[in-house]
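K.L.:
Below is the structure, and that's it, no one-letter string:
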């Protein structure tokens with residue numbers, strides 16, 4: 001594990017600019033956003049993500065490690081993925097073992113040289129939770 005790891009795995013908190021400037025702008029302009037119920041508050045929480053397609057399935061990868069959206073998604077098991085202004089419900093399954101390694105390797109290969117920055121602070125792929133998203137209904141405008 002990396003030197004920034006916690007007992008649950010690595011975690012990189014977002015910068016002030018990312019949390020209060022970049023993410024709100026990204027949500028407003030329709031960047032893919034994961035919407036999940038908060039495990040404590042029960043309210044919908046949205047986080048910009050970069051869905052990754054591999055072998056016909058859609059995945060979300062936590063580039064910052066054990067984030068709040070990861071913890072919320074583990075508890076909820078369900079989420080919505082909003083792409084532009086269409087929301088689609090999904091069942092989320094966290095990957096483990098060989099499947100995690102296979103998808104992480106494919107993701108890093110697709111990133112190419114950008115993977116160096118992605119892994120600079122959390123170099124262990126195991127510190128990046130991955131969820132497979134399976135649609136459970138049609139996308140609706142919302």
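P.N.:
Nice, thanks for sending it over. The shown structure was predicted, so the numbers you read here are calculated from the model rather than taken from an experiment.
K.L.:
residue ranges for the helices of this structure, please.
P.N.:
Assigned by DSSP state H, the helices in the chain fall at 16-17, 23-28, 68-76, 97-111, 114-119.
K.L.:
Counting by contacts, list what the second one packs against.
P.N.:
If I follow you right, that is helix 23-28. Helix 23-28 sits against strand 44-48, with contacts defined as 3 or more C-beta pairs under 8 Å, 6 or more residues apart in numbering; DSSP states H and E. Just so you know, the C-beta spots here come from the backbone N, C-alpha and C atoms, and that holds for glycine as well.
K.L.:
Buried residues of the strand it packs on, list them for me.
P.N.:
45, 46, 47, 48 (16 or more other C-beta atoms under 10 Å).
K.L.:
need the contact list for the third one.
P.N.:
Put plainly, it is residue 47. Residue 47 makes contacts with 23, 33, 34, 36, 67, 69, as judged by C-beta atoms under 8 Å, 6 or more residues apart in numbering.
K.L.:
Same question for the second one.
P.N.:
Applying C-beta under 8 Å, 6+ apart, we find residue 46 in contact with 27, 33, 34, 35, 82.
K.L.:
The first one now?
P.N.:
Applying C-beta under 8 Å, 6+ apart, one finds that residue 45 lies in contact with 35, 36, 37, 38, 68, 69, 72.
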